[in-house]
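> here is my input; please provide its structure:
(one chain, ligands or ions: 1)
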Amino acid sequence: MFDHLNAMPEDPILGLMAAFRKDPREQKIDLGVGVYQNNQGQTPVMRAVQQAEDRLIAQQLTKTYQGIAGDADYNQRVLDLLLGADHEVQTEGRTCSIQTPGGSGALRIGAEVIRRANPDARLWVGVPTWPNHIPLLGSAGFQIEQYPYYDRDRHCINFDAMLDTLKQVPAGDIVLLHGCCHNPTGADLNRQQWQQITELAQEKGFIPFIDIAYQGLGDGLDEDAYGLRLMASHLPELVIASSCSKNFGLYRERTGSTSFVCNNSERPQIVLSQAMSIARQTYSMPPAHGALLVSMILGDEILESTWHDEVNEVRHRIQSMRTLLTDGIQNNATGQDFSHIKQQKGMFSFLGISNEQLASLREDYGIYIVDSTRINLAGINSGNIGYLCESILKVLAV
Ligand code: LMR
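This next block holds a predicted model:
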């Protein structure tokens with residue numbers, strides 16, 4: 001039966017990660033997959049995670065099944081992290097959350113619950129967006145529509161065009177937004193823009209689906225949740241997909257959540273039961289380990305404060321690499337402007353070079369960048385910044 005199958009193309013991001021690993025060159029640099037690296041080029045286990053892990057290993061008594069929704073304490077702590085413990089939608093009992101296998105699992109559960117609630121809803125995604133959004137959400141059955149998001153020439157959000165398109169979105173349709181640290185552009189909505197989109201959603205009746213995978217890596221843990229908290233305050237319904245891959249460094253532990261804000265306090269139980277039935281029909285139960293660690297860290301003052309310090313370190317390091325890179329290549333042969341890199345937020349920005357220049361960086365210099373020219377700033381460190389800037393300046397000069 002497999003004779004009829006054709007090989008699928010490699011994933012554009014994970015395929016690049018595999019190619020990088022195979023490259024024998026010592027000076028190679030990985031600016032591809034969105035994984036944090038420290039100044040030594042390592043993706044460390046965070047200190048808070050390591051301490052929680054030691055404690056968990058010493059304390060755990062069982063590995064029996066946990067349940068379809070995962071760990072109840074984790075689910076509540078994630079809601080507190082996203083919305084704030086005293087947000088009115090929480091005190092009014094209008095929320096629920098289900099632990100999922102990573103942020104991708106969170107997106108899929110959110111999508112399937114929405115499809116059960118309204119099979120006719122279309123999903124509007126920004127151009128560009130995370131390359132896996134469309135395959136992942138499209139295969140949940142959504143008809144995908146697009147709205148303009150980023151202006152590659154001006155290196156900023158094309159907000160007027162975005163608003164113009166969103167004005168045509170009918171009630172009941174879903175609009176996918178990035179909570180912070182936009183992937184792949186690094187261009188985030190400012191507070192006034194969040195306000196305008198919230199007002200438009202109120203007026204038109206579309207429902208935001210917020211993907212927040214980098215909370216804490218942009219401006220800070222609370223600051224990065226500004227948009228979703230604002231929307232939760234003003235809109236009757238909201239779906240949020242979140243991930244602990246980046247801000248807890250729990251990539252391979254697949255630790256995420258789908259959270260729902262409902263329009264009254266009776267709905268969350270029903271929505272959660274739908275999410276649980278979808279989980280049961282697909283993977284049955286989420287992996288436990290990462291969520292137990294997050295729950296332990298957020299439930300312990302000392303571990304939480306260690307974790308806050310680490311998230312701050314990660315954010316500041318990425319920001320300083322943005323500055324070093326911009327300063328290192330701004331003065332180039334063609335006069336190309338890279339100042340947007342310094343201003344943008346989170347792990348990513350577009351470098352904005354040609355396909356030939358991108359290919360030359362990979363082939364001639366061992367510098368791996370996703371085809372869109374998205375660079376992961378966290379792949380830069382004090383040991384490779386010199387070589388990176390030199391190589392970029394050389395390909396720009398050709
Ligand atoms: C990325 O965008 O590089 C990360 O979110 C990893 C992934 O799964 O694509």
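> surely Asp71 meets Ser295?
Yes - if you go by CB atoms under 8 Å, Asp71 and Ser295 touch, sitting 5.6 Å apart. All C-beta atoms are positioned from the backbone trio N, CA, C, and that covers glycine.
> between these two, which one's more packed in?
Between Asp71 and Ser295, counting by other CB atoms under 10 Å, Ser295 is the more crowded of the two (22 against 19).
> quick check: closest non-adjacent residue to that one.
Counting by CB to CB, 6 or more residues apart in numbering, Tyr74 is the residue found nearest to Ser295 once chain neighbours are left out, at 4.1 Å.
> give me phi/psi at the one you found?
When read as degrees, to the nearest 10, the backbone of Tyr74 gives phi -60, psi -50.
> same deal with Gly172?
For Gly172, the backbone dihedrals (degrees, to the nearest 10) come out as phi 90, psi -20.
> one more: Ala378?
Geometry field for Ala378 lists phi and psi as phi -70, psi -10, criterion degrees, to the nearest 10.
> can you pull the contacts of it?
Under the criterion of CB atoms under 8 Å, 6 or more residues apart in numbering, the neighbours of Ala378 are Val35, Tyr36, Gln37, Val314, Arg317, Ile318, Met321, Met347.
> how about the secondary structure of the second one?
It refers to Tyr36. coil (DSSP: H, G, I helix; E, B strand; the rest coil).
> next, Leu82: secondary structure please.
Per three-state DSSP, the local secondary structure of Leu82 is helix.
> for it, grab the count of nearby residues.
With other CB under 10 Å as criterion, Leu82 counts 26.
> please apply the same query to His234.
His234 is flanked by 13 other residues according to other CB under 10 Å.
> tell me where the stretch 251-398 of the chain has helices.
Using DSSP state H, counting those that start in this stretch, the helices found in the stretch 251-398 of the chain span residues 267-282, 289-298, 301-329, 339-343, 355-365, 385-397.
> so what's whichever residue of the stretch 151-300 of the chain sits closest to the ligand up against?
Among residues of the stretch 151-300 of the chain, the one nearest the ligand by CB to the nearest ligand atom turns out to be Asn183. It sits 5.2 Å away. Contacts for Asn183 were tallied using CB under 8 Å, 6+ apart; they are Gly34, Thr129, Trp130, Ala213, Tyr214, Gly346, Met347, Phe348, Arg374.
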